[in-house]
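Novice: Provided below are the primary sequence and the corresponding predicted coordinates.
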Amino acid sequence: QVQLVESGGGLVQAGDSLRLSCVASGPTFDLYTKVWFRQAPGKEREFVAGVTWGGSIQYLDSVKGRFTISKDNAKNTVYLQMNSLKPEDTAVYYCAARKGLTIPDSYVFYDYWGQGTQVTVSS
C-alpha cells in the first residue's frame, strides 16, 4: 500500500514560485508513475504533470516552460517546481501514483492519492 503526503503549498503573488513535494511510503515507489493533478473550485480535477519510473515526462500545455516535475528515488519523493505562477494556477494540488509505464491524464487511472495542498496565486 502506497501512502502519499504533499507539502509546499501556500499563498503567493503572480510571478512567484513554489515547490511542492510529495513523499511516499512503500518500498517500490520508484517503480510507479507519479503525477500531479489540480482541482480549482467548481472545476474537474486536471492533470498537470507526470513522470514514469523510466523518466518519461508529460505536462499540461498551459504549464509547459513554467512547471518542472522531478523525482528523487532515494527519498521516495516527487517534486513540482512551479515558476511564474498565475492566478489561474490557483487550485488544490494532488499527488497521485499508479503502477505502469504510461501517464494517463485522467484521474480515474490512479490508485493512490495524497490529501492535497492548497496553492493560491493572487494578482
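Specialist: Arrived safely.
Novice: from here on, just use CA atoms for contacts and neighbour counts.
Specialist: Will do.
Novice: who is the residue lying closest to residue 40 once chain neighbours are set aside paired with across the strands?
Specialist: Spatial nearest neighbour of residue 40, chain neighbours left out: residue 91 (4.3 Å); criterion: Cα to Cα, 6 or more residues apart in numbering. For residue 91, the beta-bridge partners are residue 119 (DSSP bridges).
Novice: what do you get for the one 4 residues further on?
Specialist: According to DSSP bridges, residue 36 are recorded as the beta-bridge partners of residue 95.
Novice: for the residue nearest the centre of the chain, give its distance to residue 28.
Specialist: The centroid of the chain falls nearest to residue 36 when counting by Cα atoms, centre = their mean (2.1 Å). Distance, residue 36 to residue 28, using Cα to Cα, to the nearest Å: 19 Å.
Novice: tell me where the protein has helices.
Specialist: Applying DSSP state H to the chain gives no helices.
Novice: in it, where is pLDDT below threshold?
Specialist: By pLDDT under 70, the chain contains no weakly predicted segment.
Novice: what ranges do the strands span in it?
Specialist: Listed in chain order, the strands of the chain (DSSP state E) span 3-7, 10-13, 18-25, 32-39, 46-51, 57-59, 67-72, 77-82, 91-99, 112-113, 117-122.
Novice: run the chain-centre distance for the shortest one.
Specialist: This points to strand 112-113. Centre-to-centre, strand 112-113 and its host chain are 11 Å apart (Cα atoms, centre = their mean, to the nearest Å).
Novice: ok, and what's touching that strand?
Specialist: 2-4, 94-98 (Cα atoms under 8 Å, 6 or more residues apart in numbering).
Novice: need the max-distance pair from the residues you listed.
Specialist: Spatial extent of those (Cα to Cα) is set by the pair 2 and 94 at 14.4 Å.
Novice: thinking again about what came up before, you'd agree the residue nearest to the centre of the chain is up against residue 57?
Specialist: No - Residue 36 is not in contact with residue 57 according to Cα atoms under 8 Å; the separation is 11.5 Å.
Novice: identify the contacts common to the two.
Specialist: Common neighbours of residue 36 and residue 57 (Cα under 8 Å, 6+ apart) are 49-50.
Novice: cool, thanks, talk later.
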